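Novice: no FASTA, just this:
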């Protein structure tokens, strides 16, 4: 109904949430041959997949054992949804906290529970960094506890804020195009193309940051 209604997490069509509808749409953009054979057009995707897989193995160390597939799948999932939001009339599901928290909270809970159940001494030791003076130890425990508790929120808010900011800026600029003359309209189109390029980079970078931080959180436990 207005400019900001697209960011309403209760938006729905036929009682079906737009968040999940736009997420499912990403599957239909994958070519059918992707599931059966490997065409030449996927060689670049394979190279990117291998490079990210090798980097995740370095971050996770000897404890990877196939766990890199989980975080790489998460990366691909977020990239798909970020890029879908750059197309006209397609809803960006990753611009809502309801969506990003659904991704971050299960990961964070699983890391915390696994760490405290299986590596209890390591988790207690992690609350106090090495060479910390005895006077500062209570404060360091408090700071480390708070930083652990807000990790899921920071993962979600970072992704949501970055996706909303660029989309909202492009929407606000494009809404002024009706009242501009032809030279200013041409300039606005150039600015919008530059912003679209920036948003494409942000879509990849934020997905990568989400994946790397999740990997680092898992390697701590």
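Specialist: Structure's in. What do you need? Only a predicted model underlies this, so the values are computations on that prediction, with no experimental measurement involved. Numbering: from 1, shown residues only.
Novice: which outside residues touch stretch 143-150?
Specialist: With contact meaning C-beta atoms under 8 Å, 6 or more residues apart in numbering, stretch 143-150 is reached by 112, 126-129. From N, CA and C alone the C-beta is placed, and that goes for glycine too.
Novice: Correction: the previous question concerned stretch 100-119.
Specialist: Against stretch 100-119 from outside (C-beta under 8 Å, 6+ apart): 74, 77-78, 94, 122-123, 148, 151-153, 155-157, 159-160, 210, 214, 217-218, 220-221.
Novice: Pull out the buried residues from the residues you listed.
Specialist: Neighbour-count burial (16 or more other C-beta atoms under 10 Å) applied to those gives 74, 77-78, 94, 123, 148, 151-152, 155-156, 159-160, 210, 214, 217-218, 221.
Novice: Just those residues: which are in helices?
Specialist: Judged by DSSP state H, helices contain the following of those: 74, 77-78, 123, 148, 151-152, 155-156, 159-160, 210, 214, 217-218.
Novice: and the helix or strand encompassing residue 193, average pLDDT?
Specialist: Using DSSP states H and E, residue 193 sits within helix 182-219. For helix 182-219, mean pLDDT rounds to 88.
Novice: neighbours around residue 207, how many?
Specialist: 22 (other C-beta atoms under 10 Å).
Novice: Might one say that it is in contact with residue 75?
Specialist: Yes - counting by C-beta atoms under 8 Å, residue 207 touches residue 75, with 5.3 Å between them.
Novice: Which elements pack onto the helix or strand residue 69 falls within?
Specialist: According to DSSP H and E, residue 69 maps onto helix 68-84. With contacts taken as 3 or more C-beta pairs under 8 Å, 6 or more residues apart in numbering; DSSP states H and E, helix 68-84 sits against helix 18-28, helix 43-60, helix 97-118, helix 182-219.
Novice: could you redo the last one with a cut-off of 7 Å?
Specialist: helix 18-28, helix 43-60, helix 182-219 (3 or more C-beta pairs under 7 Å, 6 or more residues apart in numbering; DSSP states H and E).
Novice: Turn the ones you listed into a markdown table, columns for distance to residue 133.
Specialist: Formatted as a markdown table, the helices and strands packed on helix 68-84 follow (distance: least, C-beta to C-beta, whole Å):
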| stretch | distance to residue 133 |
| --- | --- |
| helix 18-28 | 48 |
| helix 43-60 | 31 |
| helix 182-219 | 26 |
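Novice: So what's the residue count around residue 134?
Specialist: Neighbour count for residue 134, taken as other C-beta under 10 Å: 7.
Novice: coming back round to it: flag every buried residue along the helix holding residue 193.
Specialist: 195, 199, 202-203, 206-207, 209-215, 217-218.
Novice: can you tell me which of those residues lies nearest to residue 28?
Specialist: Comparing these against residue 28 with C-beta to C-beta places residue 203 closest, at 18.7 Å.
Novice: Name the nearest residue to the closest one, ignoring sequence neighbours.
Specialist: Excluding the flanking residues, the one nearest residue 203 by C-beta to C-beta, 6 or more residues apart in numbering is residue 82, at 3.4 Å.
Novice: Please work out how many residues are found near the one you found.
Specialist: Neighbours around residue 82, by other C-beta under 10 Å: 25.
Novice: which of the ones in helices among the buried ones among the contacts of stretch 100-119 has the weakest pLDDT?
Specialist: Lowest-confidence member of those: residue 123, scoring 73 (pLDDT).
Novice: how close does that one sit to residue 219?
Specialist: Look at residue 123 and residue 219: by C-beta to C-beta, to the nearest Å, they are 13 Å apart.
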